[in-house]
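Q: Output the structure for:
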Amino acid sequence: MVAEIVGYRGEMISDTSRPDGTPRQLLNVGRLDKLSWRATTSLRDGLKRAYEAYQAAAQVTAL
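A: Numbering: from 1, shown residues only. Next comes the predicted model:
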């Protein structure tokens, strides 16, 4: 998903003989559920918006 958003067209290679990263950590969202809070931004939209903000900041610092 990230590669698609940033326009990466290269090949991705994984070394399956090595661990694939940090152990999975889950958050307890029970308190948020009790408050009826729900995320309004999808993961895809959040990543896209973060990348666009990064690009805008990078352009400002490059000037």
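
Q: Can you give me the end-to-end span of stretch 31-47?
A: Chord length of stretch 31-47, first to last residue, is 25 Å (Cα to Cα, to the nearest Å).

Q: Same question for it: list its buried residues.
A: Judged by neighbour count using 16 or more other Cβ atoms under 10 Å, the buried positions of stretch 31-47 are Leu47. Placement of C-beta: from N, CA and C, glycine included.

Q: average pLDDT for that stretch?
A: For stretch 31-47, mean pLDDT rounds to 92.

Q: what does that stretch rub up against?
A: By Cβ atoms under 8 Å, 6 or more residues apart in numbering, the list of residues contacting stretch 31-47 from outside reads 1-2, 5, 49.

Q: Need those in a markdown table (columns: neighbour count).
A: Rendered in a markdown table, the data for these read as follows (neighbours: other Cβ atoms under 10 Å):
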| residue | neighbour count |
| --- | --- |
| Met1 | 9 |
| Val2 | 11 |
| Ile5 | 15 |
| Arg49 | 12 |
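
Q: how far away is Glu52 from Arg44?
A: Between Glu52 and Arg44 the distance is 13 Å, computed by Cβ to Cβ, to the nearest Å.

Q: how many other residues sit next to Ser14?
A: Residues within reach of Ser14, counting by other Cβ atoms under 10 Å, total 7.

Q: now Arg9
A: What Arg9 shows, counting by other Cβ under 10 Å, is a neighbour count of 7.

Q: and Val54, how far is that from Ala39?
A: In this structure residue 54 is Tyr, not Val. Counting by Cβ to Cβ, the gap from Tyr54 to Ala39 is 21 Å.

Q: which phi and psi does Trp16 have?
A: For residue 16 the amino acid is Thr, not Trp. Note on Thr16: backbone dihedrals following degrees, to the nearest 10 are phi -70, psi -10.

Q: What helix or strand is the residue nearest the centre of the chain located in?
A: Most central residue of the chain, judged by C-alpha distance to the mean C-alpha position with Cα atoms, centre = their mean, is Leu47 at 4.7 Å. Assessed by DSSP states H and E, Leu47 sits inside helix 43-62.
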